[in-house]
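Novice: Sharing a model that was predicted from the sequence below.
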Amino acid sequence: MSRANQLGWWIKGEDKPGLGHDAVYSAIKQVGKPIYVIDAGGQIGIAQGGHIVSASLPSGDPASQERRFPWTAFVPPLHPASMGSPDFIRTYGLRYPYVVGAMANGITSTKMVESAGRAGMLGFYGAAGLAIPQIETAIQYLQEKMGRLPFGFNLIHSPGDPNLELETVHLYLRYGVRLISASAFMNLTLPLVYYRIKGIQQDEHGITATPQKIIAKISREEVAKKFLAPPPEKFIRQLLGLGWITSQEARLAETIPMADALTAEADSGGHTDNRPALALLPTMISLRDWAMTEFNFDAPLSIGLGGGIATPESAAAAFAMGADYIVTGSINQACREAGTSDTVRQMLSEAQQADVTMAPAADMFEMGVKVQVLKRGTMFPLRAGKLYELYTAHDAYEDIPESQRNILERDFFRRSFFEEWAHTKEFFLNRDPEQVERAETNPKHRMALVFRSYLGQSSNWANTGEPSRKIDYQIWCGPAIGAFNQWVKGSFLESAHNRQVVVIALNLLLGAAIVTRRQCLRQQGIFLPDVPTRIEPLELGIIQDLLGSI
(Lines give C-alpha, C1' and ligand atoms only; values in the text may rest on other atoms or scores of the structure.)
Protein backbone atom coordinates (compact mmCIF):
# COMPACT_ATOMS: atom_id res chain seq x y z
CA MET A 1 0.00 0.00 0.00
CA SER A 2 1.14 3.51 -0.73
CA ARG A 3 1.49 6.02 2.10
CA ALA A 4 0.03 8.53 -0.40
CA ASN A 5 -3.37 6.98 0.38
CA GLN A 6 -2.96 7.38 4.11
CA LEU A 7 -6.03 8.82 5.84
CA GLY A 8 -4.64 8.84 9.34
CA TRP A 9 -3.27 6.52 11.99
CA TRP A 10 -4.91 3.51 13.55
CA ILE A 11 -4.01 3.04 17.21
CA LYS A 12 -4.10 -0.57 18.35
CA GLY A 13 -6.26 -1.55 21.30
CA GLU A 14 -6.42 -4.97 22.93
CA ASP A 15 -7.01 -6.84 19.65
CA LYS A 16 -4.28 -7.35 17.13
CA PRO A 17 -4.97 -6.50 13.48
CA GLY A 18 -5.74 -9.39 11.17
CA LEU A 19 -3.50 -9.97 8.19
CA GLY A 20 -4.19 -11.13 4.66
CA HIS A 21 -7.23 -11.83 2.57
CA ASP A 22 -8.83 -14.25 5.03
CA ALA A 23 -8.93 -11.50 7.63
CA VAL A 24 -10.56 -9.16 5.11
CA TYR A 25 -13.30 -11.63 4.25
CA SER A 26 -13.97 -12.40 7.92
CA ALA A 27 -14.25 -8.70 8.73
CA ILE A 28 -16.58 -7.97 5.81
CA LYS A 29 -19.04 -10.57 7.13
CA GLN A 30 -19.17 -8.90 10.55
CA VAL A 31 -21.52 -6.27 9.18
CA GLY A 32 -22.20 -4.63 12.54
CA LYS A 33 -18.58 -3.58 12.96
CA PRO A 34 -16.49 -1.01 11.06
CA ILE A 35 -13.44 -2.02 9.06
CA TYR A 36 -10.16 -0.12 9.23
CA VAL A 37 -7.71 -1.14 6.52
CA ILE A 38 -4.14 -0.50 7.62
CA ASP A 39 -0.65 -0.90 6.22
CA ALA A 40 0.95 -3.55 8.40
CA GLY A 41 4.49 -3.53 7.11
CA GLY A 42 3.45 -3.78 3.47
CA GLN A 43 0.67 -6.29 4.12
CA ILE A 44 -3.06 -5.64 4.17
CA GLY A 45 -4.08 -5.36 7.79
CA ILE A 46 -7.65 -5.40 9.05
CA ALA A 47 -8.78 -3.86 12.32
CA GLN A 48 -12.24 -3.61 13.87
CA GLY A 49 -11.29 -2.27 17.29
CA GLY A 50 -8.88 0.37 18.53
CA HIS A 51 -9.30 3.95 17.38
CA ILE A 52 -8.13 6.33 14.68
CA VAL A 53 -6.39 9.69 14.83
CA SER A 54 -5.38 12.38 12.36
CA ALA A 55 -2.60 11.80 9.87
CA SER A 56 -0.84 14.79 11.40
CA LEU A 57 -0.10 12.91 14.62
CA PRO A 58 3.08 14.50 16.03
CA SER A 59 6.14 12.32 16.28
CA GLY A 60 6.35 12.87 20.02
CA ASP A 61 2.90 11.45 20.65
CA PRO A 62 2.93 8.90 23.47
CA ALA A 63 1.47 6.26 21.17
CA SER A 64 4.49 4.15 20.37
CA GLN A 65 5.51 3.14 16.88
CA GLU A 66 4.55 -0.46 17.65
CA ARG A 67 0.94 0.52 18.44
CA ARG A 68 0.18 2.73 15.46
CA PHE A 69 -0.28 1.84 11.81
CA PRO A 70 -1.05 3.89 8.68
CA TRP A 71 -4.80 3.87 8.09
CA THR A 72 -5.70 3.71 4.37
CA ALA A 73 -9.38 2.76 3.98
CA PHE A 74 -12.58 2.61 6.00
CA VAL A 75 -15.89 0.71 5.73
CA PRO A 76 -18.69 1.69 8.11
CA PRO A 77 -21.00 -0.83 9.79
CA LEU A 78 -23.90 -1.86 7.57
CA HIS A 79 -26.55 -3.89 9.35
CA PRO A 80 -29.18 -5.31 6.95
CA ALA A 81 -31.87 -3.48 8.92
CA SER A 82 -30.42 -0.16 7.73
CA MET A 83 -30.15 -0.93 4.02
CA GLY A 84 -33.56 0.36 2.97
CA SER A 85 -35.76 3.27 3.97
CA PRO A 86 -36.25 3.96 7.68
CA ASP A 87 -39.61 5.55 6.81
CA PHE A 88 -40.78 2.31 5.20
CA ILE A 89 -39.61 0.25 8.17
CA ARG A 90 -41.25 2.60 10.66
CA THR A 91 -44.55 2.87 8.76
CA TYR A 92 -45.13 -0.88 8.70
CA GLY A 93 -43.54 -1.80 12.01
CA LEU A 94 -40.69 -3.83 10.51
CA ARG A 95 -37.10 -4.56 11.36
CA TYR A 96 -35.94 -5.33 7.83
CA PRO A 97 -36.82 -3.68 4.48
CA TYR A 98 -37.96 -7.03 3.12
CA VAL A 99 -41.34 -8.04 1.71
CA VAL A 100 -42.51 -11.59 0.99
CA GLY A 101 -44.70 -10.98 -2.04
CA ALA A 102 -48.18 -12.43 -2.51
CA MET A 103 -48.46 -15.53 -4.69
CA ALA A 104 -52.00 -16.50 -5.67
CA ASN A 105 -54.07 -19.44 -4.46
CA GLY A 106 -52.54 -19.25 -1.02
CA ILE A 107 -49.05 -20.17 -2.22
CA THR A 108 -47.90 -17.34 0.00
CA SER A 109 -49.58 -19.14 2.86
CA THR A 110 -50.63 -18.06 6.33
CA LYS A 111 -47.64 -19.97 7.68
CA MET A 112 -45.28 -18.10 5.37
CA VAL A 113 -46.81 -14.73 6.26
CA GLU A 114 -46.60 -15.56 9.96
CA SER A 115 -42.94 -16.59 9.70
CA ALA A 116 -42.05 -13.37 7.90
CA GLY A 117 -43.89 -11.18 10.41
CA ARG A 118 -42.29 -12.82 13.43
CA ALA A 119 -38.86 -12.16 11.90
CA GLY A 120 -39.55 -8.45 11.42
CA MET A 121 -40.45 -8.68 7.74
CA LEU A 122 -43.69 -8.10 5.85
CA GLY A 123 -45.62 -10.92 4.18
CA PHE A 124 -48.73 -10.66 1.99
CA TYR A 125 -51.15 -13.57 1.95
CA GLY A 126 -51.84 -14.82 -1.59
CA ALA A 127 -55.61 -14.25 -1.70
CA ALA A 128 -55.94 -14.06 -5.50
CA GLY A 129 -57.84 -16.98 -6.99
CA LEU A 130 -59.47 -17.94 -3.69
CA ALA A 131 -63.14 -17.79 -2.74
CA ILE A 132 -64.31 -15.31 -0.11
CA PRO A 133 -64.75 -17.98 2.63
CA GLN A 134 -61.16 -19.13 2.11
CA ILE A 135 -59.84 -15.58 2.41
CA GLU A 136 -61.99 -15.02 5.49
CA THR A 137 -60.51 -18.09 7.18
CA ALA A 138 -57.00 -16.82 6.47
CA ILE A 139 -57.86 -13.39 7.92
CA GLN A 140 -59.21 -14.94 11.10
CA TYR A 141 -56.12 -17.11 11.51
CA LEU A 142 -53.59 -14.32 10.98
CA GLN A 143 -55.42 -11.79 13.13
CA GLU A 144 -55.51 -14.29 15.98
CA LYS A 145 -51.88 -15.38 15.60
CA MET A 146 -50.18 -12.12 14.66
CA GLY A 147 -51.69 -9.52 16.95
CA ARG A 148 -49.74 -6.33 16.27
CA LEU A 149 -47.12 -8.02 14.09
CA PRO A 150 -47.00 -6.87 10.44
CA PHE A 151 -48.90 -8.67 7.69
CA GLY A 152 -51.11 -7.89 4.71
CA PHE A 153 -53.41 -9.41 2.10
CA ASN A 154 -53.40 -9.32 -1.68
CA LEU A 155 -56.07 -7.64 -3.80
CA ILE A 156 -55.78 -8.58 -7.46
CA HIS A 157 -57.47 -6.67 -10.26
CA SER A 158 -60.39 -8.76 -11.54
CA PRO A 159 -61.69 -7.18 -14.77
CA GLY A 160 -63.61 -10.35 -15.60
CA ASP A 161 -65.22 -10.51 -12.15
CA PRO A 162 -65.55 -7.01 -10.65
CA ASN A 163 -68.03 -8.27 -8.06
CA LEU A 164 -65.35 -10.51 -6.56
CA GLU A 165 -63.01 -7.54 -6.25
CA LEU A 166 -65.72 -5.55 -4.47
CA GLU A 167 -66.66 -8.46 -2.18
CA THR A 168 -63.01 -8.86 -1.24
CA VAL A 169 -62.74 -5.16 -0.35
CA HIS A 170 -65.92 -5.37 1.75
CA LEU A 171 -64.41 -8.39 3.53
CA TYR A 172 -61.15 -6.57 4.23
CA LEU A 173 -62.94 -3.51 5.60
CA ARG A 174 -65.28 -5.61 7.72
CA TYR A 175 -62.36 -7.41 9.36
CA GLY A 176 -60.13 -4.35 9.61
CA VAL A 177 -57.44 -5.57 7.22
CA ARG A 178 -55.35 -2.41 7.12
CA LEU A 179 -52.74 -3.28 4.51
CA ILE A 180 -53.08 -4.73 1.02
CA SER A 181 -50.84 -5.44 -1.93
CA ALA A 182 -52.62 -4.25 -5.09
CA SER A 183 -51.50 -6.33 -8.05
CA ALA A 184 -52.22 -6.66 -11.79
CA PHE A 185 -54.14 -3.37 -11.88
CA MET A 186 -54.13 -1.75 -15.30
CA ASN A 187 -56.34 1.08 -14.04
CA LEU A 188 -57.86 2.24 -10.79
CA THR A 189 -61.21 0.73 -9.82
CA LEU A 190 -64.08 1.79 -7.59
CA PRO A 191 -63.48 -0.98 -4.99
CA LEU A 192 -59.79 -0.09 -4.72
CA VAL A 193 -60.53 3.63 -4.28
CA TYR A 194 -63.21 2.79 -1.71
CA TYR A 195 -60.73 0.73 0.30
CA ARG A 196 -58.23 3.58 0.24
CA ILE A 197 -60.60 6.40 1.20
CA LYS A 198 -62.84 4.80 3.81
CA GLY A 199 -62.07 6.07 7.29
CA ILE A 200 -59.49 8.74 6.46
CA GLN A 201 -59.40 11.66 8.87
CA GLN A 202 -57.32 14.66 9.85
CA ASP A 203 -55.48 14.97 13.15
CA GLU A 204 -55.11 18.07 15.32
CA HIS A 205 -52.00 19.08 13.37
CA GLY A 206 -53.82 19.01 10.04
CA ILE A 207 -52.12 15.80 8.89
CA THR A 208 -54.34 13.38 6.98
CA ALA A 209 -54.29 9.86 8.44
CA THR A 210 -55.16 6.88 6.23
CA PRO A 211 -56.20 3.75 8.16
CA GLN A 212 -55.97 1.56 5.05
CA LYS A 213 -52.60 1.39 3.35
CA ILE A 214 -51.83 0.16 -0.16
CA ILE A 215 -48.57 -1.14 -1.59
CA ALA A 216 -49.07 -1.39 -5.35
CA LYS A 217 -47.07 -3.66 -7.67
CA ILE A 218 -46.57 -1.70 -10.89
CA SER A 219 -44.54 -2.16 -14.06
CA ARG A 220 -45.92 0.61 -16.29
CA GLU A 221 -45.30 4.34 -16.02
CA GLU A 222 -48.86 5.34 -16.92
CA VAL A 223 -50.28 3.09 -14.21
CA ALA A 224 -47.70 4.24 -11.67
CA LYS A 225 -48.77 7.87 -12.13
CA LYS A 226 -52.34 6.95 -11.17
CA PHE A 227 -51.23 5.27 -7.95
CA LEU A 228 -48.92 8.16 -7.09
CA ALA A 229 -51.71 10.72 -7.49
CA PRO A 230 -54.85 11.38 -5.40
CA PRO A 231 -57.94 9.22 -6.10
CA PRO A 232 -59.83 10.27 -9.27
CA GLU A 233 -62.67 12.71 -8.69
CA LYS A 234 -65.13 10.56 -10.66
CA PHE A 235 -64.75 7.70 -8.18
CA ILE A 236 -65.03 10.05 -5.21
CA ARG A 237 -68.32 11.43 -6.57
CA GLN A 238 -69.59 7.92 -7.24
CA LEU A 239 -68.75 6.76 -3.71
CA LEU A 240 -70.46 9.83 -2.28
CA GLY A 241 -73.54 9.11 -4.35
CA LEU A 242 -73.63 5.54 -3.08
CA GLY A 243 -73.32 6.78 0.49
CA TRP A 244 -70.20 4.69 1.06
CA ILE A 245 -68.03 7.64 2.17
CA THR A 246 -68.72 10.90 3.98
CA SER A 247 -68.24 14.39 2.62
CA GLN A 248 -65.24 14.82 4.92
CA GLU A 249 -63.63 11.64 3.58
CA ALA A 250 -64.28 12.89 0.05
CA ARG A 251 -62.61 16.21 0.81
CA LEU A 252 -59.59 14.65 2.48
CA ALA A 253 -59.17 12.15 -0.36
CA GLU A 254 -57.81 14.98 -2.49
CA THR A 255 -54.78 15.25 -0.18
CA ILE A 256 -53.56 11.63 -0.26
CA PRO A 257 -51.95 9.39 -2.89
CA MET A 258 -53.72 6.21 -3.98
CA ALA A 259 -50.78 4.14 -2.70
CA ASP A 260 -48.39 4.57 0.21
CA ALA A 261 -45.68 2.58 -1.53
CA LEU A 262 -45.06 1.33 -5.03
CA THR A 263 -43.16 -1.83 -5.93
CA ALA A 264 -41.44 -1.62 -9.30
CA GLU A 265 -42.31 -5.07 -10.62
CA ALA A 266 -39.63 -6.22 -13.03
CA ASP A 267 -39.29 -9.70 -14.58
CA SER A 268 -41.40 -11.57 -12.03
CA GLY A 269 -43.35 -14.80 -11.99
CA GLY A 270 -47.08 -14.79 -12.75
CA HIS A 271 -48.49 -11.50 -14.05
CA THR A 272 -45.57 -9.52 -15.43
CA ASP A 273 -44.53 -7.20 -18.23
CA ASN A 274 -41.00 -8.65 -18.12
CA ARG A 275 -39.53 -5.22 -17.46
CA PRO A 276 -35.75 -4.89 -16.91
CA ALA A 277 -35.09 -3.86 -13.32
CA LEU A 278 -32.17 -1.60 -14.23
CA ALA A 279 -34.47 0.56 -16.35
CA LEU A 280 -37.67 0.26 -14.33
CA LEU A 281 -36.57 1.18 -10.81
CA PRO A 282 -34.92 4.54 -11.64
CA THR A 283 -38.02 5.51 -13.62
CA MET A 284 -40.33 4.71 -10.71
CA ILE A 285 -38.11 6.64 -8.30
CA SER A 286 -38.24 9.61 -10.66
CA LEU A 287 -42.04 9.41 -10.82
CA ARG A 288 -42.17 9.29 -7.02
CA ASP A 289 -40.09 12.45 -6.80
CA TRP A 290 -42.38 14.12 -9.33
CA ALA A 291 -45.47 13.15 -7.34
CA MET A 292 -44.08 14.49 -4.06
CA THR A 293 -43.34 17.82 -5.73
CA GLU A 294 -46.60 17.96 -7.68
CA PHE A 295 -48.97 17.05 -4.84
CA ASN A 296 -46.99 17.92 -1.69
CA PHE A 297 -48.19 14.87 0.24
CA ASP A 298 -47.79 14.81 4.03
CA ALA A 299 -46.07 11.41 4.19
CA PRO A 300 -43.17 10.18 2.02
CA LEU A 301 -43.86 7.66 -0.73
CA SER A 302 -41.71 4.53 -0.78
CA ILE A 303 -40.43 2.73 -3.89
CA GLY A 304 -39.35 -0.91 -3.76
CA LEU A 305 -38.15 -3.45 -6.29
CA GLY A 306 -39.46 -6.93 -7.01
CA GLY A 307 -38.87 -9.40 -9.82
CA GLY A 308 -35.45 -10.98 -10.10
CA ILE A 309 -34.34 -10.54 -6.48
CA ALA A 310 -32.69 -13.91 -5.86
CA THR A 311 -29.04 -13.43 -4.90
CA PRO A 312 -27.06 -11.18 -2.56
CA GLU A 313 -25.78 -9.28 -5.59
CA SER A 314 -29.27 -8.53 -6.95
CA ALA A 315 -30.48 -7.44 -3.51
CA ALA A 316 -27.43 -5.21 -3.07
CA ALA A 317 -27.97 -3.72 -6.53
CA ALA A 318 -31.59 -2.88 -5.69
CA PHE A 319 -30.60 -1.00 -2.55
CA ALA A 320 -27.68 0.68 -4.33
CA MET A 321 -30.09 2.04 -6.94
CA GLY A 322 -32.27 3.55 -4.24
CA ALA A 323 -34.89 0.90 -3.48
CA ASP A 324 -36.56 1.53 -0.13
CA TYR A 325 -37.31 -2.19 0.20
CA ILE A 326 -37.08 -5.40 -1.80
CA VAL A 327 -39.76 -7.97 -2.66
CA THR A 328 -39.23 -11.67 -3.32
CA GLY A 329 -41.64 -14.17 -4.84
CA SER A 330 -40.49 -17.04 -7.05
CA ILE A 331 -37.76 -18.15 -4.65
CA ASN A 332 -40.26 -18.44 -1.80
CA GLN A 333 -42.46 -20.91 -3.67
CA ALA A 334 -39.84 -23.62 -3.18
CA CYS A 335 -39.86 -23.05 0.60
CA ARG A 336 -41.37 -25.46 3.11
CA GLU A 337 -43.96 -22.88 4.19
CA ALA A 338 -45.32 -22.36 0.66
CA GLY A 339 -48.87 -23.52 0.00
CA THR A 340 -47.86 -25.91 -2.74
CA SER A 341 -46.79 -29.52 -3.15
CA ASP A 342 -43.45 -31.20 -2.54
CA THR A 343 -43.41 -32.12 -6.23
CA VAL A 344 -43.55 -28.46 -7.23
CA ARG A 345 -40.91 -27.55 -4.66
CA GLN A 346 -38.59 -30.15 -6.18
CA MET A 347 -39.29 -28.99 -9.75
CA LEU A 348 -38.52 -25.40 -8.79
CA SER A 349 -35.33 -26.35 -6.98
CA GLU A 350 -34.00 -27.88 -10.22
CA ALA A 351 -34.96 -25.02 -12.55
CA GLN A 352 -32.52 -22.83 -14.44
CA GLN A 353 -33.02 -19.27 -15.65
CA ALA A 354 -34.04 -20.33 -19.16
CA ASP A 355 -36.67 -22.77 -17.86
CA VAL A 356 -39.46 -20.18 -17.80
CA THR A 357 -41.81 -18.85 -20.44
CA MET A 358 -45.03 -16.88 -20.91
CA ALA A 359 -48.45 -18.57 -21.12
CA PRO A 360 -52.10 -17.40 -21.23
CA ALA A 361 -53.55 -16.34 -17.88
CA ALA A 362 -56.70 -17.94 -16.51
CA ASP A 363 -58.11 -14.75 -15.00
CA MET A 364 -57.61 -12.56 -18.10
CA PHE A 365 -57.72 -15.23 -20.80
CA GLU A 366 -59.99 -13.46 -23.29
CA MET A 367 -57.87 -10.30 -23.09
CA GLY A 368 -54.75 -12.19 -24.18
CA VAL A 369 -52.92 -11.46 -20.93
CA LYS A 370 -50.06 -13.84 -20.14
CA VAL A 371 -48.27 -15.00 -17.00
CA GLN A 372 -44.71 -16.23 -16.56
CA VAL A 373 -44.50 -19.91 -15.66
CA LEU A 374 -42.12 -22.83 -15.40
CA LYS A 375 -41.78 -24.78 -18.65
CA ARG A 376 -39.37 -27.50 -17.54
CA GLY A 377 -41.16 -30.73 -16.65
CA THR A 378 -44.63 -29.59 -17.72
CA MET A 379 -46.55 -29.13 -20.96
CA PHE A 380 -48.81 -26.44 -19.53
CA PRO A 381 -47.33 -23.52 -21.49
CA LEU A 382 -47.77 -25.33 -24.81
CA ARG A 383 -51.27 -26.53 -24.01
CA ALA A 384 -52.39 -23.15 -22.66
CA GLY A 385 -51.05 -21.47 -25.78
CA LYS A 386 -52.95 -23.95 -27.96
CA LEU A 387 -56.21 -23.18 -26.14
CA TYR A 388 -55.81 -19.46 -26.71
CA GLU A 389 -54.97 -20.05 -30.37
CA LEU A 390 -58.16 -22.08 -30.82
CA TYR A 391 -60.23 -19.53 -28.90
CA THR A 392 -59.14 -16.64 -31.12
CA ALA A 393 -59.65 -18.66 -34.31
CA HIS A 394 -63.17 -19.99 -33.65
CA ASP A 395 -66.53 -18.62 -32.50
CA ALA A 396 -67.68 -21.87 -30.91
CA TYR A 397 -66.17 -25.11 -29.70
CA GLU A 398 -68.12 -26.97 -32.38
CA ASP A 399 -66.27 -24.99 -35.07
CA ILE A 400 -62.92 -26.47 -34.03
CA PRO A 401 -61.83 -29.31 -36.37
CA GLU A 402 -62.81 -32.71 -35.02
CA SER A 403 -59.21 -33.93 -34.88
CA GLN A 404 -58.33 -31.01 -32.62
CA ARG A 405 -61.38 -31.54 -30.44
CA ASN A 406 -60.43 -35.17 -29.96
CA ILE A 407 -56.99 -34.12 -28.70
CA LEU A 408 -58.51 -31.61 -26.28
CA GLU A 409 -60.97 -34.11 -24.85
CA ARG A 410 -58.42 -36.93 -24.63
CA ASP A 411 -55.35 -35.06 -23.35
CA PHE A 412 -56.53 -31.75 -21.90
CA PHE A 413 -59.98 -32.28 -20.36
CA ARG A 414 -59.83 -36.10 -20.16
CA ARG A 415 -63.59 -36.15 -20.73
CA SER A 416 -66.02 -34.76 -23.27
CA PHE A 417 -66.42 -31.04 -23.75
CA PHE A 418 -69.99 -31.19 -22.48
CA GLU A 419 -68.93 -33.03 -19.32
CA GLU A 420 -66.24 -30.41 -18.83
CA TRP A 421 -68.80 -27.65 -19.38
CA ALA A 422 -71.09 -29.17 -16.74
CA HIS A 423 -68.21 -29.13 -14.27
CA THR A 424 -67.28 -25.57 -15.23
CA LYS A 425 -70.90 -24.43 -15.04
CA GLU A 426 -71.23 -25.73 -11.49
CA PHE A 427 -68.15 -23.76 -10.46
CA PHE A 428 -69.37 -20.49 -11.94
CA LEU A 429 -72.90 -20.90 -10.59
CA ASN A 430 -71.35 -20.65 -7.13
CA ARG A 431 -68.70 -18.07 -8.02
CA ASP A 432 -70.26 -15.79 -10.66
CA PRO A 433 -73.70 -16.84 -12.01
CA GLU A 434 -73.72 -14.02 -14.58
CA GLN A 435 -70.95 -15.82 -16.46
CA VAL A 436 -73.18 -18.88 -16.85
CA GLU A 437 -76.11 -16.81 -18.11
CA ARG A 438 -73.90 -15.24 -20.74
CA ALA A 439 -72.38 -18.58 -21.74
CA GLU A 440 -75.78 -20.19 -22.30
CA THR A 441 -76.45 -17.75 -25.16
CA ASN A 442 -72.89 -17.15 -26.33
CA PRO A 443 -71.01 -20.27 -27.48
CA LYS A 444 -67.68 -18.44 -27.72
CA HIS A 445 -67.96 -17.36 -24.11
CA ARG A 446 -68.88 -20.92 -23.11
CA MET A 447 -65.72 -22.13 -24.87
CA ALA A 448 -63.69 -19.47 -23.04
CA LEU A 449 -65.02 -20.56 -19.65
CA VAL A 450 -64.16 -24.19 -20.31
CA PHE A 451 -60.68 -23.27 -21.48
CA ARG A 452 -60.26 -21.02 -18.43
CA SER A 453 -61.35 -23.92 -16.25
CA TYR A 454 -58.43 -26.01 -17.50
CA LEU A 455 -56.04 -23.14 -16.86
CA GLY A 456 -57.39 -22.57 -13.37
CA GLN A 457 -57.36 -26.24 -12.41
CA SER A 458 -53.78 -26.61 -13.62
CA SER A 459 -52.59 -24.36 -10.79
CA ASN A 460 -54.61 -26.33 -8.23
CA TRP A 461 -53.22 -29.62 -9.55
CA ALA A 462 -49.72 -28.25 -8.98
CA ASN A 463 -50.49 -26.98 -5.49
CA THR A 464 -52.05 -30.26 -4.39
CA GLY A 465 -49.46 -32.38 -6.19
CA GLU A 466 -52.02 -34.35 -8.22
CA PRO A 467 -49.76 -37.07 -9.68
CA SER A 468 -51.96 -37.88 -12.67
CA ARG A 469 -51.79 -34.26 -13.81
CA LYS A 470 -48.09 -33.48 -13.40
CA ILE A 471 -47.75 -32.87 -17.13
CA ASP A 472 -50.35 -30.08 -16.78
CA TYR A 473 -48.90 -28.27 -13.76
CA GLN A 474 -49.04 -24.48 -13.97
CA ILE A 475 -46.24 -23.13 -11.78
CA TRP A 476 -45.81 -19.37 -11.67
CA CYS A 477 -42.18 -18.29 -11.48
CA GLY A 478 -39.63 -16.00 -13.07
CA PRO A 479 -35.96 -16.47 -13.98
CA ALA A 480 -35.07 -15.50 -10.40
CA ILE A 481 -35.56 -19.13 -9.38
CA GLY A 482 -32.74 -20.19 -11.70
CA ALA A 483 -30.41 -17.53 -10.35
CA PHE A 484 -31.21 -18.59 -6.80
CA ASN A 485 -30.59 -22.27 -7.56
CA GLN A 486 -27.20 -21.46 -9.07
CA TRP A 487 -26.25 -19.37 -6.04
CA VAL A 488 -27.14 -22.06 -3.47
CA LYS A 489 -25.73 -24.98 -5.46
CA GLY A 490 -23.57 -27.14 -3.21
CA SER A 491 -24.92 -25.54 -0.03
CA PHE A 492 -27.56 -26.70 2.45
CA LEU A 493 -30.13 -24.57 0.58
CA GLU A 494 -29.75 -26.60 -2.61
CA SER A 495 -32.31 -29.07 -1.23
CA ALA A 496 -35.88 -27.79 -1.26
CA HIS A 497 -36.38 -29.56 2.06
CA ASN A 498 -34.05 -27.06 3.75
CA ARG A 499 -35.52 -23.92 2.24
CA GLN A 500 -37.34 -21.69 4.72
CA VAL A 501 -38.54 -18.21 3.91
CA VAL A 502 -36.81 -16.41 6.80
CA VAL A 503 -33.51 -18.25 6.33
CA ILE A 504 -33.50 -17.26 2.66
CA ALA A 505 -34.48 -13.67 3.46
CA LEU A 506 -31.74 -13.22 6.05
CA ASN A 507 -29.15 -14.76 3.74
CA LEU A 508 -30.13 -12.31 1.00
CA LEU A 509 -30.08 -9.32 3.35
CA LEU A 510 -26.83 -10.27 5.05
CA GLY A 511 -25.32 -11.16 1.69
CA ALA A 512 -26.36 -7.78 0.27
CA ALA A 513 -24.61 -6.04 3.17
CA ILE A 514 -21.47 -8.11 2.57
CA VAL A 515 -21.49 -7.33 -1.16
CA THR A 516 -21.94 -3.63 -0.44
CA ARG A 517 -19.07 -3.55 2.08
CA ARG A 518 -16.81 -5.44 -0.31
CA GLN A 519 -17.62 -2.95 -3.05
CA CYS A 520 -16.88 -0.08 -0.66
CA LEU A 521 -13.36 -1.43 -0.22
CA ARG A 522 -12.95 -1.79 -3.95
CA GLN A 523 -13.99 1.81 -4.54
CA GLN A 524 -11.16 2.86 -2.21
CA GLY A 525 -8.60 0.96 -4.25
CA ILE A 526 -8.49 -2.19 -2.13
CA PHE A 527 -8.54 -4.98 -4.71
CA LEU A 528 -8.66 -8.46 -3.26
CA PRO A 529 -8.38 -11.08 -6.02
CA ASP A 530 -8.01 -13.93 -3.54
CA VAL A 531 -11.14 -13.04 -1.55
CA PRO A 532 -14.07 -15.21 -2.78
CA THR A 533 -16.75 -13.28 -4.65
CA ARG A 534 -19.46 -15.86 -3.96
CA ILE A 535 -21.37 -15.26 -0.75
CA GLU A 536 -21.94 -18.69 0.76
CA PRO A 537 -25.44 -19.27 2.21
CA LEU A 538 -25.25 -19.55 5.99
CA GLU A 539 -27.25 -21.52 8.54
CA LEU A 540 -29.66 -19.49 10.66
CA GLY A 541 -27.57 -19.85 13.82
CA ILE A 542 -24.49 -18.37 12.15
CA ILE A 543 -26.53 -15.46 10.80
CA GLN A 544 -27.92 -14.79 14.26
CA ASP A 545 -24.39 -14.68 15.64
CA LEU A 546 -23.33 -12.19 12.97
CA LEU A 547 -26.40 -9.98 13.33
CA GLY A 548 -26.93 -10.34 17.06
CA SER A 549 -30.51 -11.61 16.63
CA ILE A 550 -33.20 -11.78 13.99
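Specialist: Perfect, I can see it now. Numbering: from 1, shown residues only.

Novice: Give me the mean pLDDT for stretch 430-445.
Specialist: Taken as a whole, stretch 430-445 has an average pLDDT of 93.

Novice: give me phi/psi at residue 388?
Specialist: When read as degrees, to the nearest 10, the backbone of residue 388 gives phi -70, psi -40.

Novice: who touches it in this structure?
Specialist: Counting by C-beta atoms under 8 Å, 6 or more residues apart in numbering, residue 388 makes contact with 360, 365, 368, 451. The way it works is simple: take the backbone N, C-alpha and C, and place the C-beta from them, glycine included.

Novice: Which residue comes closest to residue 354 once chain neighbours are left out?
Specialist: residue 482 (7.1 Å; C-beta to C-beta, 6 or more residues apart in numbering).

Novice: What is whatever helix or strand that neighbour lives in packed up against?
Specialist: Residue 482 is part of helix 480-488 when elements are defined by DSSP states H and E. Judged by 3 or more C-beta pairs under 8 Å, 6 or more residues apart in numbering; DSSP states H and E, helix 480-488 is in contact with helix 312-320.

Novice: mind listing what's buried in the next helix or strand after the helix it packs on?
Specialist: From helix 312-320 onward toward the C-terminus, using DSSP H and E, the following helix or strand is strand 325-328. Applying a neighbour-count criterion of 16 or more other C-beta atoms under 10 Å, one finds 325, 326, 327, 328 buried in strand 325-328.

Novice: how about a markdown table for the residues you listed, with distance to residue 338 and pLDDT added?
Specialist: Output for the buried residues of strand 325-328, formatted as a markdown table (distance: C-beta to C-beta, whole Å; pLDDT from 0 to 100):
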| residue | distance to residue 338 | pLDDT |
| --- | --- | --- |
| 325 | 21 | 99 |
| 326 | 19 | 99 |
| 327 | 16 | 98 |
| 328 | 12 | 98 |
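
Novice: May I ask which two of the residues you listed are separated the most?
Specialist: 325 and 328 (10.7 Å; C-beta to C-beta).

Novice: Next, show the common contact partners of these two.
Specialist: 98, 99.

Novice: what comes up buried for stretch 507-520?
Specialist: Neighbour counts over stretch 507-520 (16+ other C-beta under 10 Å) mark 507-518, 520 as buried.

Novice: can you redo the residues you listed as a markdown table with distance to residue 457, pLDDT and secondary structure?
Specialist: Compiled in a markdown table, these are given as follows (distance: C-beta to C-beta, whole Å; pLDDT from 0 to 100; DSSP: H, G, I helix; E, B strand; the rest coil):
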| residue | distance to residue 457 | pLDDT | secondary structure |
| --- | --- | --- | --- |
| 507 | 35 | 98 | helix |
| 508 | 33 | 98 | helix |
| 509 | 37 | 98 | helix |
| 510 | 40 | 97 | helix |
| 511 | 38 | 97 | helix |
| 512 | 39 | 98 | helix |
| 513 | 43 | 97 | helix |
| 514 | 44 | 95 | helix |
| 515 | 42 | 95 | helix |
| 516 | 45 | 96 | helix |
| 517 | 48 | 94 | helix |
| 518 | 48 | 91 | helix |
| 520 | 51 | 92 | helix |
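
Novice: Understood, closing this out.
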